[in-house]
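**Q** Sharing a model that was predicted from the sequence below.
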Amino acid sequence: MRVLVTGGTGYIGTELVRTLVGQGDEVVTFGPTTNMSRIADIAKDITIIRGNLAYGSEVFNAVKDHRIERIFHMGSMLSTTSQVNPWASFQTNVVGTMNMLEAARLFEVPRFIFTSTIGTYAHGAGKVVTDETLQRPATMYGAGKLYCEGLGRFYRTKFGLDFRSIRYPSVIGPGTTQRTVAQYNSWMIEYPAQGKPFECFVTPGTKGPGMYFRDAIRALTMVADAPFDSIQMVNYNVGGLVPTPSAKEIEHEVLKHIPDAAISYNPDPVIMDYYATAKVETFDDSVARKEWGWKPEYETIADIVPDFINEVRTNPSRFGLAQA
């Protein structure tokens, strides 16, 4: 199958591309392509297009010229940079998604998979959110993603485009470089695995739903392959860790494997203000489980930590890390 992945050299995108190549798909990536080292082992097996999602002509040409049959639209400006530059975020995340949807419509792409975020929930969401909880985001990133969920549903209804999307919680895995509100849960494992101290920027009791990067990829491929008739909710929560661990509980699990890990706490007031608004602890994904059989393989922090440490130490270049 000829597949286009936007953001295909990003944190999750690289692992998706690697999975698709492994199953025999013809993969085209589209985006600024800033992390070539992360796909060095498969670069010869894919087509890489350097482009800007905000430029419709570039998007249309990529889809048309390569006769794309499936789109995974993951390319976006993330939460921190979106807060700093909301104008650029709008062009990339909202206009860029509109351009991708139009390309799919005009060139009759059979299926379109979008990645959204738990960040569409914030004000008044409470500790448990379901697919039917009112979405009132507190960030530019969350606001853009919510709007695009609606755009995709409109294209599905109006034009018959087979759009479906998943909302990620914090994705835990090696090699993320941008400090986001939930990034502590990855760096608390990654830094000690590399023999580096980590100063955690939230309080020990802070909790935020998360899932392992391997499950994040599985969720994408599962929703993408689900039969059309099984997709009823269209935009789905997908979860991983149950129950949601606190920062201190993650630390305890790391210390079981790295007893000399140097972890301290210095909460960032701005980030803690976010957690004062976004209090979600349970990311209910029961609809995804019912409609297309979703179930994570890594369900506890104890499942994640040893595999994460092993990846950091045995495959550092794959994740853009220095040798541990």
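**A** Cool, the structure landed.
**Q** List the buried residues of the helix or strand harbouring residue 303.
**A** Here residue 303 is covered by helix 301-314, with elements defined by DSSP states H and E. Using 16 or more other C-beta atoms under 10 Å as the burial criterion, the residues of helix 301-314 that qualify are 301, 303-305, 308-309, 311-312. Yep, even glycine has a C-beta here, placed from its N, CA and C like the rest.
**Q** now stretch 223-237
**A** Quick answer for stretch 223-237 (16+ other C-beta under 10 Å): 223-224, 226, 231, 233-237.
**Q** Tell me which of those residues fall in helices.
**A** Per DSSP state H, helices hold the following members of the buried residues of stretch 223-237: 223-224.
**Q** Pick out the most distant pair among the buried residues of stretch 223-237.
**A** 224 and 237 (16.6 Å; C-beta to C-beta).
**Q** I'd like the buried residues of stretch 223-237 laid out as a markdown table, including distance to residue 252.
**A** Shown next, in a markdown table, are the buried residues of stretch 223-237 (distance: C-beta to C-beta, whole Å):
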| residue | distance to residue 252 |
| --- | --- |
| 223 | 33 |
| 224 | 36 |
| 226 | 37 |
| 231 | 39 |
| 233 | 36 |
| 234 | 39 |
| 235 | 35 |
| 236 | 31 |
| 237 | 27 |
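**Q** now for the biggest helix by length in the chain, which elements pack on it?
**A** Criterion DSSP H: the longest helix present in the chain is helix 140-159. On a contact count with 3 or more C-beta pairs under 8 Å, 6 or more residues apart in numbering; DSSP states H and E, helix 140-159 meets helix 79-84, helix 86-89, helix 96-106, strand 111-117, strand 162-168, strand 235-237.
**Q** Not counting its own residues, what contacts the longest one?
**A** By C-beta atoms under 8 Å, 6 or more residues apart in numbering, the list of residues contacting helix 96-106 from outside reads 6, 52-56, 59-60, 62-64, 71, 73, 75-76, 109, 112, 114, 148, 151-152, 155, 159, 161, 163.
**Q** Identify each buried residue in that helix, please.
**A** Neighbour-count burial for helix 96-106, counted by 16+ other C-beta under 10 Å, picks out 96-104.
**Q** Helix 140-159 and that one, what's the angle between them?
**A** On the basis of axes from the mean of the first three to the mean of the last three C-alpha atoms, to 10 degrees, helix 96-106 is oriented at 20 degrees to helix 140-159.
**Q** switch to numbering from 285
**A** With the count now opening at 285, the last piece we talked about shows up as helix 380-390.
**Q** For helix 380-390, what is the distance to the chain centroid?
**A** Centroid separation for helix 380-390 versus its chain: 20 Å, with C-alpha atoms, centre = their mean, to the nearest Å.
**Q** Could you do the second one as well?
**A** In terms of C-alpha atoms, centre = their mean, the gap separating the centre of helix 370-373 from the centre of its chain is 19 Å.
**Q** Mind listing what's buried along that helix?
**A** Those would be 370, 373, for helix 370-373 by 16+ other C-beta under 10 Å.
**Q** same deal with the first one?
**A** Burial within helix 363-368, assessed by neighbour count using 16+ other C-beta under 10 Å, is assigned to 363, 365-367.
**Q** Just name whatever secondary elements that helix is in contact with.
**A** helix 370-373, helix 424-443.
**Q** Keeping just the C-alphas, turn the shortest one into CSV.
**A** This means helix 370-373. Extracted in CSV, the C-alpha atoms of helix 370-373 (Å, rounded to 0.1, in the frame of the first residue of the first chain):
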residue,chain,number,x,y,z
PRO,A,370,0.1,30.4,18.3
TRP,A,371,0.0,32.0,14.9
ALA,A,372,2.4,29.5,13.4
SER,A,373,0.6,26.8,15.2
